[in-house]
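**Q** missing the sequence, but the structure's below:
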Ligand SMILES: Nc1ncnc2c1ncn2[C@@H]1O[C@H](COP(=O)(O)OP(=O)(O)OP(=O)(O)O)[C@@H](O)[C@H]1O
């Protein structure tokens with residue numbers, strides 16, 4: 001789906017991402033994990049077309065030239081939903097579809113279908129973001145990202161800042177959605193348990209570089225660098 005070839009990103013003197021090559025396989029979930037500042041969000045923003053890197057970003061086998069066309073095929077979810085505060089949840093969710101002139105009945109049906117998958121009530125859909133809980137805002141952000149039936153869902157720490165029960169519920173819902181819709185997903189997290197729960201493929205980053213790419217089991221059974229074990233042990237301590 002996505003293929004990143006020798007991608008690097010520099011912000012002034014900071015090399016936020018060192019040359020990285022990786023493939024995001026269709027229908028699979030790739031998780032980017034690593035310490036704070038290791039370049040996870042920057043790499044996700046490269047895939048969202050929000051940061052222009054050195055190197056080549058390929059989508060569906062071809063180097064991306066027209067990001068506008070690719071962006072329509074991508075759903076992007078940021079922490080806390082990233083909703084417009086002056087629009088209701090429903091208006092946030094339907095904004096792009098309305099802009100694109102989609103049929104009102106079709107928009108309403110898609111909203112209902114996704115609201116039901118994420119357990120959002122009609123009453124909640126008619127509230128403003130400030131009138132919703134963090135978990136509800138995150139659900140709205142997920143529904144909004146799925147409205148245009150994206151081929152890829154990019155999720156930046158979608159479960160952080162939630163209490164443990166809501167976090168577990170939303171994790172389950174999100175996994176069901178990804179599986180039901182057969183969506184390709186890339187998820188950024190600090191949490192090893194989220195990485196284990198979601199990932200088909202796991203990418204551990206450190207200081208802008210990739211330390212290991214593989215399955216969670218391979219991280220435990222065949223760490224390629226002492227930092228892999230250090231990271232797993234540090235996470236398991238708490
Ligand atoms: N817009 C920016 N301008 C300058 N430097 C930036 C910018 N965005 C990120 N950086 C720097 O790039 C590096 C990677 O940041 P990034 O946000 O990708 O890390 P991260 O792994 O997602 O971190 P966290 O887990 O804390 O969100 C950091 O050193 C950060 O300070």
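**A** Received, thanks. What you see is a predicted model; the values in this text were computed from it and never measured.
**Q** mind checking the SS state of the residue of the chain most remote from its centre?
**A** Ranked by distance from the centre of the chain (C-alpha atoms, centre = their mean), the top residue is residue 105, with 28.3 Å. Judged by DSSP: H, G, I helix; E, B strand; the rest coil, the three-state class of residue 105 is helix.
**Q** same question, residue 32
**A** Per three-state DSSP, residue 32 ends up strand.
**Q** one more: the one 3 residues further on?
**A** Of the three states, residue 35 takes coil under three-state DSSP.
**Q** and the pLDDT at the residue lying closest to residue 110 once chain neighbours are set aside?
**A** In space, and not counting its chain neighbours, residue 110 is closest to residue 147: 6.0 Å by C-beta to C-beta, 6 or more residues apart in numbering. Using the backbone N, CA and C atoms, a C-beta is placed for each residue, glycine as well. Per-residue pLDDT puts residue 147 at 93.
**Q** same check on the one 5 residues further on?
**A** With respect to pLDDT, residue 152 has a value of 95.
**Q** wait, what's in contact with it?
**A** 1-2, 24, 47, 73-75, 183-186 (C-beta atoms under 8 Å, 6 or more residues apart in numbering).
**Q** filter these down to the ones in strands?
**A** Counted as lying in strands by DSSP state E, out of these, are 2, 24, 74-75, 184-186.
**Q** buried residues of the longest helix seen in the chain, list them for me.
**A** Longest helix in the chain by number of residues (criterion: DSSP state H): helix 164-181. Of all the residues in helix 164-181, those buried under the rule 16 or more other C-beta atoms under 10 Å are 166-167, 169-171, 174, 177-178, 181.
**Q** likewise for stretch 228-238?
**A** Buried-residue list, stretch 228-238, by 16+ other C-beta under 10 Å: 228, 231-232.
**Q** I'd say the residue nearest to residue 110 and residue 94 touch.
**A** Yes - Residue 147 is within contact range of residue 94, at 7.0 Å (criterion: C-beta atoms under 8 Å).
**Q** for the ligand, what are the nearby residues on this structure?
**A** The chain has residues 11, 14, 16, 34, 36-42, 190 near the ligand, with proximity defined as C-beta under 6 Å from any ligand atom.
**Q** make it 8 Å
**A** Counting by C-beta under 8 Å from any ligand atom, the chain comes close to the ligand at 9, 11-12, 14, 16-17, 32, 34-45, 156-157, 188, 190, 205, 208.
**Q** what separates the residue nearest the centre of the chain from residue 66, distance-wise?
**A** The centre of the chain sits closest to residue 155, judged by C-alpha atoms, centre = their mean, with a distance of 1.4 Å. In this structure, residue 155 and residue 66 are 24 Å apart, going by C-beta to C-beta, to the nearest Å.
**Q** all set, thanks.
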